[in-house]
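Participant: Mind folding the following:
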Amino acid sequence: MKSLAAGLICLGLTAVPAVGADYDPTEKSPLYELHLRAPETAMSIAPLKEKILALYKADADQAWYHRSGYMEHEEVFLGFVNSQGTSSRRVYDLHTGRKIGDTESRDGTYHTAFASDLENATRLNGSWNETELDEWGAELPMTVLDALHSDLAAARAESNARTHAQAVHSEHPAAS
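Facilitator: Numbers count the residues shown, from 1 in each chain. Take a look at the predicted model:
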């Protein structure tokens, strides 16, 4: 009984400094803030936030893109993975999710190794690892295909909204 009481007292004494220090559990540590490498004030400015997040995405070892008019195909999803100094590219039909051709590997990151594939391509979200991609074989699972279609629709809507906002801004009399 004495050891239980002593344990509770010790526990209470260790918790008191944290409570007394007015600790805010929602506060982010400097290490957490350093992860994005961007000051919070810059992240609060919408145009800067978009650029910062785009750069942050550009560092990713895995990426998905949509591309129209790719080789003889109307529209495709391109999946890229960087690993140990090489990169791989997988091409899937936009509508069926079927893999087109073999997985191609090249030296370097996908940004440099497959630079021509990224021209006029739309960056999408997706973070499936290479093991999953290999397990899927010749066809994307329906859940993955649906997620890519959903993200493509959101990217197109955002692009249309941005284009509309630029058009309205240029029509403003003060813009002349």
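Participant: Is the closest residue to residue 61 other than its chain neighbours part of a helix or strand, or is it coil?
Facilitator: Sequence neighbours aside, residue 82 is the residue nearest to residue 61 in space, at 4.3 Å (criterion: Cβ to Cβ, 6 or more residues apart in numbering). Any C-beta I mention is one placed from the backbone N, CA and C, and that applies to glycine too. Three-state call for residue 82 (DSSP: H, G, I helix; E, B strand; the rest coil): strand.
Participant: For residue 82, give me its contacts.
Facilitator: Contacts for residue 82 (Cβ atoms under 8 Å, 6 or more residues apart in numbering) come out as 61-62, 109-110.
Participant: and those residues, which are buried?
Facilitator: Buried by 16 or more other Cβ atoms under 10 Å: 62, 109-110, out of the contacts of residue 82.
Participant: now, which of those residues sits nearest residue 70?
Facilitator: residue 110 (15.0 Å; Cβ to Cβ).
Participant: What distance do you get for that closest one to residue 93?
Facilitator: 20 Å (Cβ to Cβ, to the nearest Å).
Participant: One more: residue 62?
Facilitator: 20 Å.
Participant: now swap in residue 137 and tell me
Facilitator: 14 Å.
Participant: Looking at the two, which is more packed in?
Facilitator: residue 93 (17 against 8; other Cβ atoms under 10 Å).
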